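**Student:** Coordinates for the following, if possible.
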Amino acid sequence: MKVMRVVGIPAALACELLRGLGAAEDVLEKAMTEVLERAKKLGAESSPMFCGSVGSLPQEVVDDMNMFAVDSGDFGPVLAKFEKKKPLLVSREKLMYYTAVESIKKTHAQPLQKAAARNRTAMVQVLLKASADPAGVDSSDGRQALHHAVSHLNKGMVQMLLESRAPLDVADATSNKATPLYSATTAATQDKLYSSDILEALLKAKANINLPCCSAGSTALHLAASSRHLKVIEQLLRHGALPSARDPEKRTPLHIAVNSAAASEPSFDAERLLLNSQADVNAMDIQGRMPLHYAFVKKEKQLDASPADPVETVTSLCAVEGVRVDVPDEFGATPLLCAARRGATISSLYLSKRGASLQARDKSGNDTLGVALAGGHHQYAITLLSQGAGDVEAPMCHLKRETVEGKTKIVPGPPLSLFREATSHKQLGLSYLLLDHGYPFHGAIQDSLELGEFRLVLTLLSKINPSENAVVQRLDKNRRSLHHALAGFPRQLGPEATEIAEELKRRGVSMASADVHKRWPLHYACANAHTDLSRWLVRQDSSATSQLDEEGQCPAHAVCTR
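**Tutor:** Presented below is the predicted three-dimensional model:
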């Protein structure tokens, strides 16, 4: 059975196509007169249209799914005048609108949606006067005529559809799940022509301003805050947008505005508009972060350590009555710890003066100094150390991302001393400052030995008064002496190694001591192929060659099994 559906073609184009088939002018003139009379009755004189039907495709173009055979309706009397039947073939894009037929095998838009999609204002007007339903949707993407009108920024078409009570808050079926308000707000933040007027029209028509308007769950005010567009923010607030609205991650527009501010942002105007409308300066997102955290930690960039000092944002937020400056997020990071990761010296001092603790630690155990050193902000650490920040003896750790079973999480690395971290980056000024603030000399020498900084070891030893030799005679938590640390260096020893060993011996560091694994320094020297040091250790105490570790192995065993 042949399935027919009504289509429309602009009158001028229809006449051109029919002339191409050889239609007589008098026949065309008669058909055109009827079309114009109908258009006048419908109030569509500016867009007269030939109407007809689309049926099955002719066999000769059956493989071209972009071509349709149009007949009957206004075309019927013209085509009937031909002695031999001639099909009027029209490409898909030349049809004003169509609904799908079985032979076309495609189900898409209703006439009104098709006309709106093609930005045909006059055709939309005709269809609305003919009682076309503005609530109809395009089955391919779920868009209604109003979605198309707003996307085209067609102010007149938008007004027609609003007067016809087009639904205002319907999300389309694309991955973005956008409402007309989303498209209007986005365009307005980009200052596109007529976008502000269209947004105003939607708001006056009572589009629900506080509903999520896209798949991200953002409201229109979130979108405006993200772009920091003052005019649009003001417009939305004037129409009742709530500064307390939350997206799925519990972020308010104030979170978004601060998140979107560059570190060097000289303006706080967007945030001030929101705060003047009762935005909560202490609102917490799903990770327990307030807008003050967002000054330093941007969305999905918790480990970003690039230098930034957002002084304007921080000082302005701190000026809000009742602001809390020392609240940890779910990772235990206070705004000051977040500032340390970015090396934000001025902001940190400002927060500290207003009650933020310089001794706070996150859940990884890092304090202000540890976070700063992990981020490579050595000058910041020097400044904050002079302010009494942190504990110089407490270890720090680097954070890293790990993916386990498809889920990415942030995990701490192994603990490191602050002295070791500073020394490994050749920040000797900071290293000495840590010593001056109480980092133990024994730990500093052990760190330096393990890093292979042998000249520094000799320098440090020279600074210890003989009356304080007990400092270097200490054992670490694994009962290792500094001789163990020297022998345990995993790479080739420098020429200073024997000199260091002699100095340690002179200061009373024992070579005849076993660590928790019952290993003497000679065990480690042999295992690491430190030949000269091994000879020196044997000369000091030949009994070391027969000492057995917890596995029952003597030092020579390590030499044989390397």
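**Student:** So for residue 206, what's the nearest residue that isn't a sequence neighbour?
**Tutor:** Nearest non-adjacent residue to residue 206, counting by Cβ to Cβ, 6 or more residues apart in numbering: residue 168, 7.0 Å away. Every C-beta, even on glycine, is put in place using the N, C-alpha and C of the backbone.
**Student:** same question, residue 278
**Tutor:** Residue nearest to residue 278 in three dimensions, not counting chain neighbours: residue 243, with 6.1 Å by Cβ to Cβ, 6+ apart.
**Student:** coming back round to it: list the contacts for the residue nearest to residue 206?
**Tutor:** 146, 162, 179, 180, 181, 202, 205, 206, 207, 208 (Cβ atoms under 8 Å, 6 or more residues apart in numbering).
**Student:** helices or strands up against the helix-or-strand element of the chain with minimal mean pLDDT?
**Tutor:** Using mean pLDDT, DSSP states H and E, strand 5-10 stands out as the lowest-scoring helix or strand of the chain, at a mean of 76. If contacts are counted by 3 or more Cβ pairs under 8 Å, 6 or more residues apart in numbering; DSSP states H and E, strand 5-10 sits against strand 49-54, strand 67-71.
**Student:** weakest of those in terms of mean pLDDT?
**Tutor:** Mean pLDDT is lowest for strand 67-71 among the helices and strands packed on strand 5-10, at a mean of 80.
**Student:** Quick check: next helix or strand after it?
**Tutor:** helix 76-80 (DSSP states H and E).
**Student:** Give me the contact list for that next one.
**Tutor:** Applying Cβ under 8 Å, 6+ apart, the external contacts of helix 76-80 come out as 18, 21, 23, 27, 28, 30, 31, 52, 71, 85, 86, 88.
**Student:** hmm, back to that, tell me the first helix or strand C-terminal of the least confident helix or strand of the chain.
**Tutor:** Taking DSSP H and E, what comes next after strand 5-10 is helix 11-20.
**Student:** Tell me which residues of that following helix come out buried.
**Tutor:** Residues 11, 14, 15, 17, 18 are the ones in helix 11-20 that count as buried (16 or more other Cβ atoms under 10 Å).
**Student:** following that helix, which helix or strand comes up?
**Tutor:** helix 25-41.
**Student:** hmm, who's touching that following helix?
**Tutor:** By Cβ under 8 Å, 6+ apart, the residues outside helix 25-41 that reach it are 11, 15, 18-19, 45, 47-50, 74, 77-78, 81, 126.
**Student:** Okay, the nearest residue to residue 152 once chain neighbours are set aside and residue 145: tell me how far apart.
**Tutor:** Closest residue to residue 152 apart from its sequence neighbours, by Cβ to Cβ, 6+ apart: residue 119 at 4.5 Å. Counting by Cβ to Cβ, to the nearest Å, the gap from residue 119 to residue 145 is 11 Å.
**Student:** Of those two, which one has the most company?
**Tutor:** residue 145 (34 against 15; other Cβ atoms under 10 Å).
**Student:** If any of the contacts of residue 168 are buried, give me the ChimeraX selection for them.
**Tutor:** Buried residues among the contacts of residue 168 (16+ other Cβ under 10 Å), as a ChimeraX selection:
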select :146,162,179,180,181,202,205,207
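**Student:** now the contacts of residue 168 as CSV including pLDDT?
**Tutor:** CSV is the format used below for these (pLDDT from 0 to 100):
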residue, pLDDT
146, 98
162, 98
179, 98
180, 98
181, 99
202, 98
205, 98
206, 98
207, 98
208, 98
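**Student:** Out of the contacts of residue 168, list just those in helices.
**Tutor:** In this view, these that belong to helices under DSSP state H are 146, 162, 180, 181, 202.
**Student:** Thank you, goodbye.
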